[in-house]
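*Asks:* Generate a structure from the sequence data that follows.
(one chain, ligands or ions: 2)
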Amino acid sequence: MVSDTNKRVSTDVDVSLGDRSYRIAISAGVLQDSGEIIRAALGARVRRVALISNPVVYGHYGSIVEKSLRRAGLAPLRHLIGDGERAKSLRTAERAWAFLIANRFERSDGVVALGGGVVGDLAGFVAATYQRGVPYVQIPTTLLAQIDSSVGGKTAVNHALGKNLIGAFHQPRSVIIDPTVLQTLPARELRAGLYEAVKYGVIRDAGLAEKIDRNLAGIFTMDLDLLAGLIARCCEIKAEVVAIDEREAGLRRILNFGHTVGHALEAVTGYRRLKHGEAVGYGMKCASAVAEKAGIIPPVAAAVIRRSIDAVGRLPRIGDLQARQIIEAMAHDKKVSHGKLPLILPTRIGDVVVRDDIPAGLVRSAIRDLLTSKI
Ligand code: NAD
Ligand code: GLY
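*Replies:* Ligands and ions are numbered 1, 2, ... in the order given. Predicted structure coming up:
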């Protein structure tokens, strides 16, 4: 396991969940060996795997994975879904179920998700629900998916009334992360993932936040060792949290730092204008302002958090939105309990608290500051 941000990092991270434990294999070029890893993870009885991807990712990496699967004695059945957040829907899931049924897919077969968070969440949801659950492996290809969505077993599709409202917990059997695939990722997508990396620093590891700040140039020029180390540290933090609280009864809520306002921003902009990571970037800025206004974090530390987010890159404009719309959308958040919405607020860089007693006026004021670029 990785223990110190500044020391040499090992590249495999274990997620310890009893009989649902699995390994995250992280190394440049590991895609070539994905077949063997998948075979070992899914067990000797598996013969066929449904490779779920989208045309963009499949075009880049599909044949590498398929060749590797065949070398390992597995027959891949390809199923491509549409690109983008709108593909994360029940309609897409229905098509995937139909594909599995038409191919007489059995419980002893497996699913492989090759793509970003949209493909991973959708394929994971299909694997969780087809015949009450079949095993699956994640091969995440965006930075965001590599450090967050592929790990921890949250799978979901969106509903017209809100994001990720229909889903299941279903842990993958293995996660295979090849940082070289990030070389084809558009720069905006890389930045979107980096906001989530900053999130891990703020919630759990001040050294990580500082390391990201210091190494942005190396990250953007694809220093693969640097990227592998960064991905491993983020995965390690996520694995630690998930191992303690798999079903989000307590600690896991800290991973939602920035997501309450972030999800609301995605919803009011129709999931089109903002990337998920960008919405989380805004959400973290807003949460730092709420914490500052509530006296939970010193203003200097709150300003450092906002600077770290700004340093990753300019976020798309949202000045035309109304605070009222965002607050309304927050009311649909699935984390609302007994009418109260818990907020994850930083107390310093490296630690957060969960609070559901923050006055609404204070949250509204922070959202206004965000919309008017005061923060
Ligand atoms: P995405 O899956 O839409 O991928 C972004 C874009 O990059 C897509 O156009 C995709 O085709 C393209 N792409 C992917 N890999 C590529 C590569 N290597 N080279 C070139 N292009 C590539 O977006 P995302 O940011 O990866 O995921 C966002 C989704 O993840 C959201 O739906 C969000 O809710 C979900 N999410 C889930 C969890 C979880 O715990 N399950 C956590 C965080 C986010
Ligand atoms: N991305 C939040 C979680 O996995 O819990």
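*Asks:* which parts of the stretch 101-250 of the chain sit against ligand 2?
*Replies:* Counting by Cβ under 6 Å from any ligand atom, the positions of the stretch 101-250 of the chain adjacent to ligand 2 are 148, 152, 154. In this view, the C-beta of every residue, glycine as well, is placed from N, C-alpha and C.
*Asks:* what does whichever strand or helix holds residue 207 rub up against?
*Replies:* Per DSSP states H and E, residue 207 falls inside helix 206-214. The contact list for helix 206-214 (Cβ atoms under 8 Å, 6 or more residues apart in numbering) reads 4-6, 194, 197-198, 200-202, 219, 230, 233-234, 237, 305, 308, 311-312, 348-350.
*Asks:* now with 6 Å?
*Replies:* 5, 197, 198, 200, 201, 202, 233, 308, 311, 349, 350 (Cβ atoms under 6 Å, 6 or more residues apart in numbering).
*Asks:* same check, this time on stretch 58-72
*Replies:* Under Cβ under 6 Å, 6+ apart, the answer for stretch 58-72 is 31, 32, 34, 35, 36, 39, 76, 80, 114, 184.
*Asks:* So which bits of the protein are right by ligand 1?
*Replies:* 54, 56-57, 60, 83-85, 88, 115-119, 121, 141-142, 144-145, 148-149, 152, 154, 163-164, 181, 184-185, 189, 192, 275-277.
*Asks:* Can you tell me what sits against stretch 116-123?
*Replies:* Stretch 116-123 is contacted by residues 52-54, 87-88, 92, 111, 113, 138, 140-142, 144-145, 149-150, 155-156 when judged by Cβ under 6 Å, 6+ apart.
*Asks:* Kindly apply the preceding question to stretch 159-173 instead.
*Replies:* Contact with stretch 159-173 is made by 20, 22, 41-42, 124-125, 128, 135-138, 153, 155-157, 263, 332, 334, as judged by Cβ under 6 Å, 6+ apart.
*Asks:* So which of the residues you listed are in helices?
*Replies:* Judged by DSSP state H, the subset of the contacts of stretch 159-173 located in helices is 41, 42, 124, 125, 128, 263.
*Asks:* ok, how many other residues are close to the fourth one?
*Replies:* By the other Cβ atoms under 10 Å criterion, the neighbourhood of residue 125 contains 25 residues.
*Asks:* ok, back up a step: can you name the element that comes right after the helix holding residue 207?
*Replies:* Proceeding N to C from helix 206-214, the next assigned helix or strand is helix 216-220, under DSSP H and E.
*Asks:* what residues are up against residue 105?
*Replies:* With Cβ under 6 Å, 6+ apart, residue 105 has no contacts at all.
*Asks:* so is it in a helix, a strand, or just coil?
*Replies:* coil (DSSP: H, G, I helix; E, B strand; the rest coil).
*Asks:* do the same with residue 354
*Replies:* At residue 354, secondary structure determined by three-state DSSP is strand.
*Asks:* For it, give the beta-bridge partners.
*Replies:* residue 344 (DSSP bridges).
*Asks:* just residue 115 next, same as before
*Replies:* Residue 115 has these beta-bridge partners by DSSP bridges: residue 140.
*Asks:* ok, how many other residues are close to it?
*Replies:* Counted by other Cβ under 10 Å, the residues lying close to residue 115 total 28.
*Asks:* Thought residue 52 was touching it, still the case?
*Replies:* No. Between residue 115 and residue 52 there is no contact under Cβ atoms under 6 Å: 7.6 Å.
*Asks:* Put the buried members of the contacts of stretch 159-173 into a PyMOL selection.
*Replies:* Selecting the buried subset of these in PyMOL, with 16 or more other Cβ atoms under 10 Å as the burial test, is done by:
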select buried, resi 22+41+42+124+125+128+135+136+137+138+153+155+156+157+263
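*Asks:* pLDDT score assigned to residue 5?
*Replies:* We have a pLDDT of 47 for residue 5.
*Asks:* scratch that, residue 338 is what I was asking about
*Replies:* On the pLDDT scale, residue 338 is placed at 75.
*Asks:* ditto for the one 3 residues further on
*Replies:* We have a pLDDT of 83 for residue 341.
*Asks:* what does residue 265 give?
*Replies:* Looking at residue 265, its pLDDT is 96.
*Asks:* which residues touch it?
*Replies:* 274, 279, 282.
*Asks:* what's around residue 266, how many residues?
*Replies:* Considering only other Cβ under 10 Å, residue 266 is surrounded by 26 other residues.
*Asks:* By mean pLDDT, flag the weakest helix or strand of the chain.
*Replies:* Within the chain, no helix or strand scores below strand 162-169, which has a mean of 91 by mean pLDDT, DSSP states H and E.
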